[in-house]
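In: My questions are about this predicted structure, shown below with the sequence.
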Amino acid sequence: MKFYFPDSHDLVDPSFDFETEQRTYNGSRQRSQQYAHEALEVPPYDGMLLSKAVIDGRNKNTRYNFGQVRSLMDNGIHKFLRLNERPSRVKLTAMGDCGSFSFASEPEPPFSVDEIVDFYDQCGFDYGISLDHVILGYQPDTKKEIPEDWKRRHQMTSDLAADFRLKTGHLRHFTPLGAAQGWDPQSYRDSVEKLQKMGYDYIAVGGLVPLKTREILDVLTAISTVRNKKTRIHLLGISRLECFEDFAKHGVASLDSTSPLKQAFMDDKNNYHTPEGPFTAIRIPQVDGNPQLKRNILAGRIDLSEALGLERACMKSVTDYARKAGSLDDAVRDLRTYETLWSGKKDDSERYRFTLELRPWERCPCSICRQLGVHVVIFRGADRNRRRGFHNLFVLHEKLSKLRPN
């Protein structure tokens, strides 16, 4: 089963020094820093996904600037993302979509089928997903009335897929995927059945991100009743590690998600992934990087020198413990003292003890964990946090690489 990582400007600085916390790079961030497939010896995915909504500025969180858009159009997606510039046993591919969640509240997609086809063709994508319009809701209860807007979007997505198929039939530059949308298992099944009749044998199922795991499996079960043996399924925005084997049974050949990376610095406790389960990262915030701590210092409620001293003590005791030059109890004590200062009532000391005691970074074969050591589990700044996210992508990809769809 293949994994695609959506591009969202997630790069790390190769010049960052984890002891001094200084960097030396200058110039363009996109050119000077590294993607996950460059930071790791083995790429942690089979390819990257890029949405047209990102380069058109509709996705405000990850939009490209003018120079980046120009470079992408001039050089193509493979060269822009440097997908295959380093020798690797994995040949990375590029998948494109329209980014329908970014315009979900609008009555119509802001793009035409021709614009989407031109985008995929000009940028040199390997795979391109048909233009769709996501349905904002899920209602498996057939007794309840279905909103007319849901039905309209369902039919619109089907019509757009038919037009997309017609306009890509003569092209050989990229493989077209038909987009399926729905509001319950039956509507998704009907969408897939129509797409297969149009000639699609690779189908991207969208709108599943807000659904519970059981609901996603219900949708896939319904799709399996009409899915042709040769039809492959791609899941948009899904990476539920516990369900990969079930996904494979339903013909899922690929999926994409940013969740493993985001959990590294957005989840409250499941930050560092391993095949056996997640661990909580050790939070040692920088005094000048924690908003609440800065407010308290400026207000005179916390002494700056005390805060800086505790921050340094935590870094020293954790790294000393990792080098087996300090005790676990000392590290946990210092972390708890500093946590009381910057967080108040929050107490993650037992989770920190568990992470430090088991030393999971020592058992990971990925190059990031081998290079960083304990720094990979320290929650502190983008260069550590993103690298931990890259490690999480590695763990997910290793499990997926062992699965094949029926």
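Out: Structure received.
In: How is this structure partitioned into domains?
Out: Per automatic domain parsing, the domain ranges recorded for the chain read 46-257, 266-391.
In: Listing request: residues of the protein with sub-threshold pLDDT.
Out: 25-27, 59-62, 88, 171-172, 404-406 (pLDDT under 70).
In: what's the residue closest to the geometric middle of it?
Out: Geometric centre of the chain, nearest residue: Thr258, 0.8 Å, by C-alpha atoms, centre = their mean.
In: coming back round to it: could you redo the domains of the chain as CSV and give each row mean neighbour count?
Out: (Glycine included, C-beta is placed from N, CA and C.) Listed next are the domains of the chain as CSV, based on neighbours: other C-beta atoms under 10 Å:
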stretch, mean neighbour count
domain 46-257, 18
domain 266-391, 17
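In: do you know which of those lies nearest Leu40?
Out: Nearest to Leu40, of all those, is domain 266-391, at 5.3 Å by C-beta to C-beta.
In: what about that closest one, how long is it end to end?
Out: Here the two ends of domain 266-391 are set 15 Å apart, with distance taken as C-alpha to C-alpha, to the nearest Å.
In: quick check, distance from that domain to the centre of its chain.
Out: Its chain's C-alpha centre and that of domain 266-391 lie 23 Å apart, by C-alpha atoms, centre = their mean, to the nearest Å.
In: Number the residues from 24 up from this point.
Out: Sure thing, new numbering starts at 24, so read that last one as domain 289-414.
In: so Thr116 makes contact with Gly70?
Out: Yes - between Thr116 and Gly70 there is a contact under C-beta atoms under 8 Å: 3.8 Å.
In: hey, what's in contact with both of those two?
Out: Leu106, Asp149 (C-beta atoms under 8 Å, 6 or more residues apart in numbering).
In: export the domains of the chain to a markdown table and tack on distance to Gln53?
Out: Output for those, formatted as a markdown table (distance: least, C-beta to C-beta, whole Å):
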| stretch | distance to Gln53 |
| --- | --- |
| domain 69-280 | 6 |
| domain 289-414 | 14 |
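In: Looking at those, spot the one closest to Glu42.
Out: With C-beta to C-beta as the yardstick, what comes closest out of those is domain 289-414 (8.5 Å).
In: now the helices for the stretch 74-223 of the chain?
Out: With DSSP state H, counting those that start in this stretch as the criterion, the stretch 74-223 of the chain has helices at 75-78, 89-98, 100-103, 136-146, 171-191, 208-221.
In: Please produce TSV containing those, extended by distance to Arg409.
Out: Converted to TSV, those look like this (distance: least, C-beta to C-beta, whole Å):
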stretch	distance to Arg409
helix 75-78	18
helix 89-98	19
helix 100-103	19
helix 136-146	25
helix 171-191	34
helix 208-221	34
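In: Of the ones you listed, which is nearest Asp406?
Out: helix 89-98 (21.0 Å).
In: Specify the angle between that closest one and helix 136-146 in degrees.
Out: 70 degrees (axes from the mean of the first three to the mean of the last three C-alpha atoms, to 10 degrees).
In: Residues in contact with helix 89-98: which ones?
Out: Ser51, Gln53, Ile78, Tyr87, Phe103, Gln145, Cys146.
In: Repeat the analysis, applying 10 Å as the threshold.
Out: The contact list for helix 89-98 (C-beta atoms under 10 Å, 6 or more residues apart in numbering) reads 32, 51-54, 73, 77-80, 86-88, 102-105, 142, 145-147.
In: Okay, helices next: where are they in the stretch 324-429 of the chain?
Out: Using DSSP H, counting those that start in this stretch, helices in the stretch 324-429 of the chain cover 327-345, 351-366, 372-381, 390-395, 404-423.
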